[in-house]
Every structure is written in structure tokens, then in C-alpha cells.
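1. sequence plus the predicted model coming up.
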Amino acid sequence: NNSPSRFDISVFERGKASRDQGSGWDLSTPAKNALERAGVPISYVERKGSDTVRVYRVDKDRPSWCLRMPTILTRLGIKKDHLTEQINPETERNKIIGGLLNAVSDKPNVQVHHNAKITGARRTTQGGVELLGDEGASLGKFDLLVDASGTRSALRHARFSAEADAFYTGTTYIQGVVYSPETTWDPEMVKRLGQGTLSIAGPTKDGLGVLDIWAQRYGAKFEDKMCIYSLNKITEKPEDIFEEIGLEGVHGITSTKGHLDKVKKYLANELSHELWQKQSMYRDAFDKIDAVRILPIFMHPFAEETRKAALPGTEDIPLIGIGDALHALPPWSGTSGNFALMDASDLATGLLTFSDSLNGEEDQDAGPARKALAGVVRDLESQFLDRADGPRQRCIDYNAIQSEKTLATKFEDYEGVMSALFGKGVTWNAVKMYAVFKLMTWLSAWENYGFPASKAATA
């Protein structure tokens, strides 16, 4: 807004302004509210029509599950939110981050620094905190540091010991990027993907386990056709896939030909079972990826474990983590990015309330004000940790079930969505979600699974 600024803000981005941030996530209602509060329209970041998930078995030509809002329910006045909070439109991370930065680009009190390497933080003698860059060089002294640098944050150890570090979940994503599936993929596969998400399950190369593959659109503009195309692998150590492929030391998204060639060769071998060979479009699609990143999935321990790992004497440090820097959750939680936006919005509210309480006396007695600020961020830190605990156990259970099923279940016995819902036994929530998903799939079948009508049919 145009009100006088209360804070001077410096933003440090570790990458270039133009770097590819990759795909986003489904926005929850509170996350949407947080973005709009920050001045980012939801229509700017969401891909219209991407809230459809079609789940296939590699040996079948019809979806086993189709998770979308059937037209008939909409006509009856039933909203998707009445049935489930899941299955929302996909978003583009570039647009989310770019939109947030654009919202402050004309603010004289905000400075944005790109290509910033953050290595740590230390207290100042005045009670503030100094941000450290490459080789310990000072990047500035601040009244408060807000750490939003993700799971492997370099600032976390200024507040917590290594006991609270993120641990490897046992799952690694080999995540390809395809900029134009319409140009390079089999038309039937493009049809099955549509504007949303396509999931395919099939056998491992030895036939003793199950592979899960996902294709997902994420370009916010309709003309931006890009999608991710991923294979999930269960491994003992986070570096295993890098070593198997021969990409040790490669981080982030890479489009280097030599890197891509190694990944494509590895994936072709993983999908060498006769069923993948028979339905070759799924296998061939990996040969058309334009970029790739290998992403071992980490998550932080529970809130209570994290609190116990707080470093002595840091209760009053003016530093707070938000999102994955504080309480990382895996992508299958469906909440990680949403919690980050909610944390940021709630922190903003807390800081504005704190500023109001000072009554313009910030410079008269800095000591009590700094102590009060530390109290505000510690209370918020505790709230943020607690709310991320809600889905944490569910994520651990789901990952354990999926790991066991995919490694030790033959494909002909694989139940897919059923395993995910009922792996820990029959619960009311599982029964409810099964009924919702079954209803969506059954009604979607009557609507041709949401596929657009052919030109011949509409002529």
C-alpha cells in the first residue's frame, strides 16, 4: 500500500533474477490470502484448468482414478471445498517469487540483492544480528533476520544444533523438465496429461516392485506448456542416485547435454520392463526432457525435538525461520509451500503489532524493544513449528507405506491410491477420502474423464 513504511528491508536471493525456479504447488485458501495480501493476484500464479489428476496403470488405457470436480456436482451447487481441500490448480514458482519481488520493487525502503551467498549469522554488540556472506564477509547488520532459505539453510545453526537438522526421507525425485510436450511427446500422452497431472504406475525392471511416474503442468499462462516429468526412487542414502547416474556434485536444475544423456540412459534402464516397452510413450517421454534436477527429499523432526535442540542463549536472538527453513515437510504433504506463505503473513502481522506497541519510541530505549521483539519472534516460531506437526506424522507414515509397497509389491498386486489411503488401517478420514475419490472417478467417467470433446464430435 502507499502508507509510510515502518521498516527498512533487504532481501537476499541466492540465485540470478532470471533463474528457473521450477514448478510450484497447490495453494490452500490461507496461502492464497497471504499472497493476495502481499499484492500478488492468484490468477497471476495459477494455471487455469490444472486441477485434474488422472491416475493410470501402465497396462491400462483408461484411468484407474480421475480426481477432478465433475460438472454435474458443480451444477448441483456443490463446491470442491465441500468435498476436499486437495486437488487445487497448479502454480508456477517463478511467478510466485517474481510476483512477491515485483510487489516491493517500487518501494524505496526495500532493497533486493541477487546472487547472494549466505554462510551464517552472528550477534552484534548492540543486540542486533549480522548477516554473513562469502568467506564470512558482512552483508549488513539488522534488527531482525527472517530466514526463508529452505531446508538446507545456512542460518539454522545460529538457533538450533545439528540435532534438529533435516533428515533424509528415503525418497529421491528424478525430476525432468519438458518445455513443450505438445511438440515432442506422443499426442496420446499429451491428451492424458491435459492441463493438470498425469500419474502412471508400472513395474520395476526386475518385476518385483513398483515405479511411480508423474507428469505435471505448471506454467501459469496457458501458452506456457511446460511440465515436470518425474520418477520417484527409494534409496538408502541421499547421494545414491547421484552416484548411480554419475552426477556427483551437480545441484539444482541442469540442461547440460552430458548430464541429460546420463539421466536419460539411467531412466531408460529403469523402465526396461516389458510393460513399459509395450506402452513405450511413457518411456520415450523421458528421452525428450529439456532439463533435470535430482532432488533427495528431506524433512525436519517434530516440533518438540526441534525445541530441545535450541542452542543455549539463543532465546533472545533476533532471528526466525519460516517455511522449509524452520519446519521442512516433503512435497507429498501438500502443505510445505503453503505453510511458508502463511508463516510470512503471520510474521508480518506480528511485526506490525509490535511496531504499534512501540508508539514511536523505537530509538529512546533500544534494549527493552529488542527484548520484546525477541519475545514476539520466539512465540511465532513456536506457533509455526506446532502447525507443521499436523501433517508431519502423516507424511512419515505415507512414505513408509509407499516405500514398503513399491519395493516389495509386485505390480499385479499394487493397489495405488488404496494403499496410500488404507496403509495404516481403516480410519474415518481414509473412508471419507476413498468415497470422495471414488465418486469423482465414477462421475468423471460419464464425462469422459474431463478430456475435451473431439472436433468430429462437436462438428
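-> Good, I have the coordinates.

2. residue 224 touches residue 95, doesn't it?
-> No - using CB atoms under 8 Å as the test, residue 224 is too far from residue 95 to be in contact (9.5 Å). For the C-beta atoms, the positions are set from N, CA and C on the backbone; glycine is no exception.

3. out of these two, which sits in the busier spot?
-> Higher neighbour count among residue 224 and residue 95: residue 95, with 23 against 16, using other CB atoms under 10 Å.

4. over to the more buried one. Which of the three states is it?
-> Secondary structure, DSSP: H, G, I helix; E, B strand; the rest coil: residue 95 is helix.

5. ok, now residue 212?
-> On the basis of three-state DSSP, residue 212 is classed as strand.

6. ok, what's across the strand from it?
-> Listed by DSSP bridges, the beta-bridge partners for residue 212 are residue 201, residue 232.

7. could you pull out the strands for the stretch 1-150 of the chain?
-> In the stretch 1-150 of the chain, the strands defined using DSSP state E, counting those that start in this stretch lie at 9-12, 53-57, 65-67, 110-113, 120-123, 129-132, 138-142, 145-147.

8. Serialize those strands to TSV and add fields for distance to residue 20 and mean pLDDT.
-> Below are the strands of the stretch 1-150 of the chain laid out as TSV (distance: least, CB to CB, whole Å; pLDDT from 0 to 100):
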stretch	distance to residue 20	mean pLDDT
strand 9-12	19	94
strand 53-57	24	95
strand 65-67	28	93
strand 110-113	18	92
strand 120-123	27	94
strand 129-132	26	95
strand 138-142	25	95
strand 145-147	23	96
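
9. ok, now how distant is residue 434 from residue 441?
-> Computed as CB to CB, to the nearest Å, the residue 434 to residue 441 distance reads 11 Å.

10. mind listing the helices for the stretch 1-150 of the chain?
-> Under the criterion DSSP state H, counting those that start in this stretch, the stretch 1-150 of the chain contains helices at 29-37, 42-45, 71-75, 80-83, 93-104.

11. for the stretch 251-400 of the chain, same thing?
-> Going by DSSP H, counting those that start in this stretch, the stretch 251-400 of the chain shows helices at 257-270, 274-278, 280-286, 303-308, 324-327, 336-358, 366-408.

12. ok and the last one relative to helix 336-358, angle-wise?
-> Regarding helix 366-408 and helix 336-358, their directions subtend 170 degrees when assessed with axes from the mean of the first three to the mean of the last three CA atoms, to 10 degrees.

13. tell me how far helix 366-408 lies from the chain's centre.
-> In this view, helix 366-408 has its centroid 15 Å away from the chain centroid, taken as CA atoms, centre = their mean, to the nearest Å.

14. so what's the closest residue to residue 331 other than its chain neighbours up against?
-> Distance criterion CB to CB, 6 or more residues apart in numbering; nearest residue to residue 331, sequence neighbours excluded, is residue 297 at 6.8 Å. By CB atoms under 8 Å, 6 or more residues apart in numbering, the residues touching residue 297 are 168-169, 171-173, 330-331.

15. ok, now with 10 Å
-> 151, 166, 168-173, 232, 238, 328-332, 395, 399 (CB atoms under 10 Å, 6 or more residues apart in numbering).

16. also residue 254?
-> Residue 254 touches 177, 247, 260, 263, 291-294, counting by CB under 10 Å, 6+ apart.

17. a markdown table for these, including pLDDT and neighbour count?
-> As requested, the contacts of residue 254 are exported to a markdown table (pLDDT from 0 to 100; neighbours: other CB atoms under 10 Å):
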| residue | pLDDT | neighbour count |
| --- | --- | --- |
| 177 | 96 | 21 |
| 247 | 96 | 20 |
| 260 | 97 | 17 |
| 263 | 97 | 26 |
| 291 | 96 | 21 |
| 292 | 96 | 27 |
| 293 | 95 | 21 |
| 294 | 96 | 23 |
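
18. just the ones in strands from those residues, please.
-> For the contacts of residue 254, membership in strands holds for 177, 291-294, with DSSP state E as the criterion.

19. wait, which of those residues is closest to residue 347?
-> residue 293 (29.0 Å; CB to CB).

20. wait, that closest one sits on residue 241?
-> No - between residue 293 and residue 241 no contact is recorded; they are 11.1 Å apart, counting by CB atoms under 10 Å.

21. show me what counts as buried in stretch 392-400.
-> 392, 394-395, 398-399 (16 or more other CB atoms under 10 Å).

22. what does stretch 345-362 contact?
-> With CB under 10 Å, 6+ apart, stretch 345-362 has contacts from 6-7, 30-31, 33-38, 143-144, 146, 148, 320, 322, 364-365, 368-369, 372-373, 375-377, 379-381, 383-384, 387.

23. how about that stretch as CSV, C-alpha atoms only?
-> Extracted in CSV, the C-alpha atoms of stretch 345-362 (Å, rounded to 0.1, in the frame of the first residue of the first chain):
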residue,chain,number,x,y,z
SER,A,345,1.9,-13.4,6.6
ASP,A,346,1.6,-14.2,10.3
LEU,A,347,5.1,-12.8,10.9
ALA,A,348,4.1,-9.6,9.1
THR,A,349,1.1,-9.3,11.4
GLY,A,350,3.2,-9.9,14.4
LEU,A,351,5.8,-7.3,13.4
LEU,A,352,3.1,-4.7,12.6
THR,A,353,1.5,-5.2,16.0
PHE,A,354,4.9,-5.0,17.7
SER,A,355,5.6,-1.7,15.8
ASP,A,356,2.3,-0.3,17.0
SER,A,357,3.2,-1.2,20.6
LEU,A,358,6.3,1.0,20.5
ASN,A,359,4.3,4.2,20.0
GLY,A,360,7.1,5.8,18.0
GLU,A,361,9.7,5.3,20.8
GLU,A,362,11.9,2.9,19.0
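
24. rewinding a little: wait, which of the contacts of residue 254 is closest to residue 123?
-> residue 293 (35.7 Å).

25. tell me what that closest one is bridged to.
-> residue 175.

26. what does residue 11 give?
-> residue 112.

27. any idea how far it is from residue 399?
-> Taking CB to CB, one finds residue 11 at 33 Å from residue 399.

28. with residue 332 instead?
-> Distance from residue 332 to residue 399, by CB to CB: 7 Å.

29. one more: residue 237?
-> For residue 237 relative to residue 399 (CB to CB), the value is 15 Å.

30. how about residue 209?
-> Residue 209 is 15 Å from residue 399, by CB to CB.

31. equivalent analysis for residue 161, please.
-> Distance from residue 161 to residue 399, by CB to CB: 25 Å.

32. so where is this structure shaky, pLDDT-wise?
-> Applying pLDDT under 70 to the chain picks out residues 1-5, 359-366, 416-426, 454-459.

33. quick one on the thing from earlier: joint contacts of residue 224 and residue 95?
-> 47, 218.

34. quick check: closest non-adjacent residue to residue 279.
-> With CB to CB, 6+ apart, the residue lying closest to residue 279 is residue 58, at 5.2 Å.

35. residue 287 too?
-> Closest to residue 287 by CB to CB, 6+ apart is residue 264, at 5.4 Å.

36. do the same with residue 189
-> Nearest to residue 189 is residue 281, by CB to CB, 6+ apart, at 4.6 Å.
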